[in-house]
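Participant: need a 3D model of the following:
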Amino acid sequence: MCGRARCTLRADDISRACYRNHGPVRSVNMDRYQPRYNVSPGANLPVVRRGDGADGENGVVLHCMKWGLIPSFTKKTEKPDHYRMFNARSESICEKASFRRLVPKSRCVVAVEGFYEWKKDGSKKQPYYVHFKDGRPLLFAALYDSWENSEGEKLYTFTIITTSSSSALGWLHDRMPIVLGDKESVDTWLDGSSASNFDKLLKPYEGPDLVWYPVTPAMGKVSFDGPECSNEIKLKTDSTNSITKFFSTKGTQKEEINPKDTSLHDSSVKTEFPESVNEEPETKEEKVQPSSTVKCEDSKSSVSTLSQEDASKGQTKRDYEEFLADSKPLPNESYKKSSASPAKKKVNLKTSHDKQPTLFSYFRKS
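Facilitator: A predicted model of the protein is given here:
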């Protein structure tokens, strides 16, 4: 398909590019032609055609027409739609009524510097500029027609013939315009009779001199015009690939992690904690345990120290009581009371702050 082109050629360059520079060239409506870097259907473009003999019109005619065919049998009151037939498939030009009547005598050549084609990548489209490597104009095979509206105005329009893409351009699009690559091809298309064998021209151009490069997506807008439309740009393939690789790696890592597989967790635990902790995770109570254990150990040590001191004091007292018991026998009841008192006092241990009992205090109690 060909829906955008660049044409900034001068009028004399167009006829020369079509190998029609040895005879007179008649111009028609060339005042409507405006060179543009971003030409779309509905715009005026110069075409080269044969003179039809009307009003003494012979030889070569450089005629400015609107891109987008409006068949002559279209109703006069109908609004012209130039996007409906801006291309014609070569496989059906001899079958469809809109084109087959034009093949014998209404063939023309469109000269442009290059055309644009879009490469689809998902929801995105990247435009490319296709041109000849040496900069010479591209010559497209085309058909033209005339239509008269309700106001009596006669409008000339044309359509560019397309075919399947070449082996080199197949990656970009499945269709491409018919490119007339030499003088013989142009002569056959323009000057050949209705019975001429022009079918051999309706094939993809396979020359290695047809090249392309990416251009700014901004030229997708018809209003965007200027040299920037056909300037080569550098695609950001490196950054795109790195981002794609990053997310694909993330996805692979997520797929590789199995919730039931504890090998990854075991390896991390083994490097940071002792083996006894690996079997069960720590709880909040276990995390507090080290500090509480230290406090308990401190308290135990202090209690053990106090109990040892009190035990030694109690032992001294018991020894003294035994001595008194041996020297002064007591009745059974008093003996029981005196023997029970050390046990009671043993339960109520005195602290280190109590004073050491004396013999006088003991006899006062007794």
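
Participant: spit out the contact partners of residue 48.
Facilitator: Contacts were defined as Cβ atoms under 8 Å, 6 or more residues apart in numbering; by that measure residue 48 touches 14, 15, 18, 20, 60, 61, 62, 63, 108, 109, 111, 190. Using the backbone N, CA and C atoms, a C-beta is placed for each residue, glycine as well.

Participant: which stretch of helix or strand covers it?
Facilitator: strand 44-50 (DSSP states H and E).

Participant: quick one: strands adjacent to the next helix or strand after that strand?
Facilitator: Sequence order places strand 60-67 as the next helix or strand after strand 44-50, per DSSP H and E. Applying DSSP bridges to the sheet, strand 60-67 is found paired with strand 25-28 (parallel), strand 44-50 (antiparallel), strand 154-164 (parallel).

Participant: CA atoms of strand 60-67 as PDB?
Facilitator: Taking Å, rounded to 0.1, in the frame of the first residue of the first chain, the C-alpha atoms of strand 60-67 are listed here in PDB:
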ATOM      1  CA  VAL A  60       3.400  14.600 -23.300                       C
ATOM      2  CA  VAL A  61       1.200  16.300 -20.800                       C
ATOM      3  CA  LEU A  62       2.300  17.300 -17.300                       C
ATOM      4  CA  HIS A  63      -1.000  17.400 -15.500                       C
ATOM      5  CA  CYS A  64      -1.600  18.300 -11.800                       C
ATOM      6  CA  MET A  65      -4.400  16.000 -10.400                       C
ATOM      7  CA  LYS A  66      -5.900  15.100  -7.100                       C
ATOM      8  CA  TRP A  67      -4.600  11.900  -5.500                       C
END
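
Participant: mind checking which of the strands paired with strand 60-67 is nearest residue 102?
Facilitator: Proximity to residue 102 (Cβ to Cβ) singles out strand 154-164 among the strands paired with strand 60-67, at 8.8 Å.

Participant: flag every buried residue along the closest one.
Facilitator: Buried residues in strand 154-164, defined by neighbour count with 16 or more other Cβ atoms under 10 Å: 155, 156, 157, 158, 159, 160, 161, 162, 163.

Participant: can you tell me which of those lies nearest to residue 175?
Facilitator: Sorting the buried residues of strand 154-164 by how near they are to residue 175, with Cβ to Cβ, puts residue 162 at the top with 4.8 Å.

Participant: the closest one pairs with what?
Facilitator: Applying DSSP bridges to residue 162 yields these beta-bridge partners: residue 89, residue 177.

Participant: nearest to residue 89, out of the strands paired with strand 60-67?
Facilitator: Among those, strand 154-164 comes nearest to residue 89, with 6.1 Å by Cβ to Cβ.

Participant: tell me the mean pLDDT over the closest one?
Facilitator: In this model, strand 154-164 has an average pLDDT of 97.

Participant: need the max-distance pair from the buried residues of strand 154-164.
Facilitator: Of all pairs drawn from the buried residues of strand 154-164, the one with the largest separation by Cβ to Cβ is 155 and 163; the distance is 27.1 Å.

Participant: identify the residues contacting residue 119.
Facilitator: Applying Cβ under 8 Å, 6+ apart, the residues near residue 119 are 125, 126, 127, 128, 171, 172, 173.

Participant: work out for me the element it sits within.
Facilitator: Counting by DSSP H and E, the element that carries residue 119 is strand 114-121.

Participant: show me which residues of that strand are buried.
Facilitator: 114, 115, 116, 117, 118.

Participant: any chance of those residues in JSON lines, plus distance to residue 199 and pLDDT?
Facilitator: As requested, the buried residues of strand 114-121 are exported to JSON lines (distance: Cβ to Cβ, whole Å; pLDDT from 0 to 100):
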{"residue": "114", "distance to residue 199": "26", "pLDDT": "97"}
{"residue": "115", "distance to residue 199": "23", "pLDDT": "98"}
{"residue": "116", "distance to residue 199": "28", "pLDDT": "98"}
{"residue": "117", "distance to residue 199": "25", "pLDDT": "97"}
{"residue": "118", "distance to residue 199": "29", "pLDDT": "96"}
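
Participant: from the residues you listed, pick the one nearest residue 74.
Facilitator: After measuring the buried residues of strand 114-121 against residue 74 - Cβ to Cβ - the closest member comes out as residue 115, at 26.3 Å.

Participant: any low-confidence regions in this protein?
Facilitator: Along the chain, the parts satisfying pLDDT under 70 run over 1, 53-58, 192-196, 237-366.

Participant: all strands of it, in order?
Facilitator: Listed in chain order, the strands found in the chain under DSSP state E are 4-7, 25-28, 36-39, 44-50, 60-67, 87-89, 107-112, 114-121, 124-132, 138-148, 154-164, 175-177, 210-214.

Participant: parallel or antiparallel, list what pairs with the last one.
Facilitator: This points to strand 210-214. Applying DSSP bridges, you get strand 124-132 (antiparallel) as the partners of strand 210-214.

Participant: which parts of the strand it pairs with are buried?
Facilitator: Neighbour count says strand 124-132 has 126, 127, 128, 129, 130, 131, 132 buried, by 16+ other Cβ under 10 Å.

Participant: pick the one among these closest to residue 219.
Facilitator: residue 127 (6.1 Å).

Participant: my guess is the closest one meets residue 218, correct?
Facilitator: No. With contacts counted by Cβ atoms under 8 Å, residue 127 stays clear of residue 218, the gap being 9.2 Å.

Participant: ok, how many other residues are close to residue 33?
Facilitator: By the measure other Cβ atoms under 10 Å, the count of residues near residue 33 is 21.
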